[in-house]
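**Q** using only what follows, build the 3D model:
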Amino acid sequence: MKVKVHKPDIIIALLVVVYVLGQNILYLVPVNNNYNLIAYIILALLAGYTICVGNGLKIEKSGFTLLMLSPFVLSLLAAVVEVILYRDASLITSFRRQMQWWIYGFAYFVFQYVLNRSDKAYVKILRSFIMVAIIQLIIGIAQYIKSDTIFTYAPMTKRLGSIRFYFPIVLMVFAYFWALNLFLNKKKRVASIIVMIAVLFEAMFVQQFRSTLMGILISTVVGFMLWKNVSYKKIGVFLVACIGAYIVYLNTPFLQQSIEYLLNGDTSLDVRHYLIDFILENAETKWLFGAGWVSSPMAYEYASTPYRVHINWGVFAFADGGIFSILYSYGLFGVLWVVALWGCILKKAWTLFVKKNNYFYLLFPLYQVATMYIDIHWYIHDQFFVMAMFCALLDYETKICDVEVRE
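**A** Numbering: from 1, shown residues only. Below you'll find the model as predicted:
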């Protein structure tokens, strides 16, 4: 029996390879930048093929097209600004260091190409990457349980007397809201609950990401509030969920600390405020183009000023500044890009929610908006790949919805 492999299936498989390589083979091997480089090369070849050969140099004119090409231009601009401000900066090095963001904007066109050429691609893409997310969850939770035997290579610190592992979490949260959408639409509820509990456990115990956890919970509450056709059964489920959450809260010091962290702040939040205050002060004179990317020693020394002065820690933690870090490196143009992208996403997502009762596309970006003040995980550690995929899936689903409405 011959097994026929279609071109879209090959491209989807290669996109999975790109993601896994970009995540250092899910941190099961020692960290090596060559994995990221190979991922970038594969993605560049795929993008070149789909745009030049598959689409005949034709790119769809749309908001998402412009928004996915913008990171390339903004990164180049940030590199130029860094070279102008710091004499030890290199244009090529600065631009290359931002590849974790701009290169994945081109992934959008690869996903779009596959979706437009196969009716089954949408489901295959979702299944493939949900499976990768589940594997990531299994690895993270297994490592937490076996923390006396470190078998992964993710960065680690300690908090509340336990080891904290830094695994890139955006795809896992993607899987959480995919599962929540199934649950709210009465589909595969047992499997959905298992996935959601696993992601919450990952955020709460494995990684101890307080802002991420709060963002997930806020969006989940919004999802329940938007739950259509409210019945006594649904009210009961919501109340049981609230009671369960309260019991977990009473027995989880980390969750109690997280609530306290959001309401009253702590050392970690204070440190972030030092960074944000520094960025806003810097923006008074560099508000339009920003201060450029941070790649050269001089640029890094300047950017690390708030942490070095206040806590004697000479680092520049880009993600800690949230959207303000975008302002620092990319200026007003970067902030406008963020506003435009999430505005476009939420507009399309609301349409899908109203017409198809789809919570996934609304709640996933809402979680990111809720945490963007002090957290932009979607930018760092090659995770913008997930956003490019999400936007391609959202755009495709919106178009299908429009066709169904017209028919």
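**Q** which strands or helices does the longest helix seen in the chain pack on?
**A** What stands out as the longest helix in the chain, according to DSSP state H, is helix 323-356. When contacts are defined as 3 or more C-beta pairs under 8 Å, 6 or more residues apart in numbering; DSSP states H and E, helix 323-356 packs onto helix 63-85, helix 267-286, helix 360-371, helix 384-406. To be clear about C-beta, it is placed using only N, CA and C from the backbone, and glycine gets the same treatment.
**Q** what is the burial count for Met387?
**A** Neighbourhood size, Met387 [other C-beta atoms under 10 Å]: 25.
**Q** okay, it: pLDDT?
**A** Looking at Met387, its pLDDT stands at 97.
**Q** just Lys158 next, same as before
**A** 78.
**Q** ok, the host helix or strand of it: who's next to it in the sheet?
**A** Using DSSP states H and E, Lys158 maps to strand 156-159. Strand 156-159 pairs in its sheet with strand 162-165 (antiparallel), by DSSP bridges.
**Q** and after the partner strand, which helix or strand comes next?
**A** Taking DSSP H and E, what comes next after strand 162-165 is helix 170-184.
**Q** what residues does that next one touch?
**A** 19, 126, 129-130, 132-134, 136-137, 140, 188-189, 191-193, 195-196, 199-200, 202-203, 212, 216, 219-220, 223-224, 227, 358-360, 363-364, 367, 377-378, 383, 386-387, 390 (C-beta atoms under 8 Å, 6 or more residues apart in numbering).
**Q** just checking, which helix or strand of the chain averages the lowest pLDDT?
**A** For the chain, counting by mean pLDDT, DSSP states H and E, helix 253-264 ranks last in confidence among helices and strands (a mean of 55).
**Q** just the pLDDT for the residue nearest to Ser296 when sequence neighbours are not counted.
**A** Ranked by C-beta to C-beta, 6 or more residues apart in numbering and with sequence neighbours excluded, the top spatial neighbour of Ser296 is Ala89, at 3.9 Å. Among the per-residue scores, Ala89 shows a pLDDT of 94.
**Q** how much space separates Ala89 from Leu327?
**A** 19 Å (C-beta to C-beta, to the nearest Å).
**Q** for Gln383, same thing?
**A** Taking C-beta to C-beta, one finds Gln383 at 20 Å from Leu327.
**Q** thinking Gly63 is in contact with Cys344, fair?
**A** Yes. Counting by C-beta atoms under 8 Å, Gly63 does reach Cys344; the two are 4.8 Å apart.
**Q** who has more neighbours, those two?
**A** Neighbours were counted for Gly63 and for Cys344 using other C-beta under 10 Å; Cys344 has more, 19 against 16.
**Q** wait, the more buried one touches Thr65, no?
**A** No. Between Cys344 and Thr65 there is no contact under C-beta under 8 Å: 10.8 Å.
**Q** show me where pLDDT drops low in the protein?
**A** Along the chain, the parts satisfying pLDDT under 70 run over 1-6, 159-161, 229-270, 404-407.
**Q** please repeat the previous calculation with a cut-off of 50.
**A** Along the chain, segments meeting pLDDT under 50 span 1-3, 265.
**Q** contacts for stretch 118-128, please.
**A** 6, 8-9, 12-13, 15-16, 111, 114-115, 178, 389, 393, 396-397.
**Q** mind checking the SS state of Pro127?
**A** For the record, residue 127 is Arg, not Pro. helix (DSSP: H, G, I helix; E, B strand; the rest coil).
**Q** that one and Asp277, how far apart?
**A** Taken as C-beta to C-beta, the span from Arg127 to Asp277 is 45 Å.
**Q** for Arg200, what are its contacts?
**A** One thing to correct before we go on: residue 200 is Leu, not Arg. Neighbouring residues of Leu200 by C-beta under 8 Å, 6+ apart: 176, 213, 216.
**Q** can you confirm it is in a helix?
**A** Yes. Counting by three-state DSSP, Leu200 is part of a helix.
**Q** that one and Val206, how far apart?
**A** Distance, Leu200 to Val206, using C-beta to C-beta: 10 Å.
**Q** what of Arg117?
**A** In terms of C-beta to C-beta, Arg117 sits 38 Å off from Val206.
**Q** next one: Thr65
**A** On the measure of C-beta to C-beta, Thr65 and Val206 end up 37 Å apart.
**Q** next one: Phe177
**A** Taken as C-beta to C-beta, the span from Phe177 to Val206 is 18 Å.
**Q** next one: phi and psi at the nearest residue to Leu57 once chain neighbours are set aside?
**A** In this structure, Leu57 finds its nearest non-sequential neighbour in Ile51, 6.7 Å apart by C-beta to C-beta, 6+ apart. Ile51 adopts backbone torsions of phi -80, psi -50, taken as degrees, to the nearest 10.
**Q** number of residues surrounding Ile51?
**A** Neighbours of Ile51 under the rule other C-beta under 10 Å: 18.
**Q** on that earlier part again, specify which residue of Thr65 and Val206 has the higher count of neighbours.
**A** More crowded of Thr65 and Val206, by other C-beta under 10 Å: Val206, with 27 against 16.
**Q** surely the more buried one and Tyr144 touch.
**A** Yes. With contacts defined as C-beta under 8 Å, Val206 counts as touching Tyr144 at a distance of 4.4 Å.
**Q** mutual contacts of the two, please.
**A** Phe165.
**Q** which helix or strand contains the closest residue to Phe165 other than its chain neighbours?
**A** Counting by C-beta to C-beta, 6+ apart, Phe165 lies nearest to Ala154, which is 5.0 Å off, once chain neighbours are set aside. Using DSSP H and E, Ala154 sits within no helix or strand.
**Q** next, work out how far apart Ala154 and Asp320 are.
**A** Plainly put, Ala154 is 18 Å away from Asp320 if you go by C-beta to C-beta.
**Q** cool, Thr50 as well?
**A** Counting by C-beta to C-beta - Thr50 and Asp320 are separated by 36 Å.
**Q** swap in Asp88?
**A** 24 Å.
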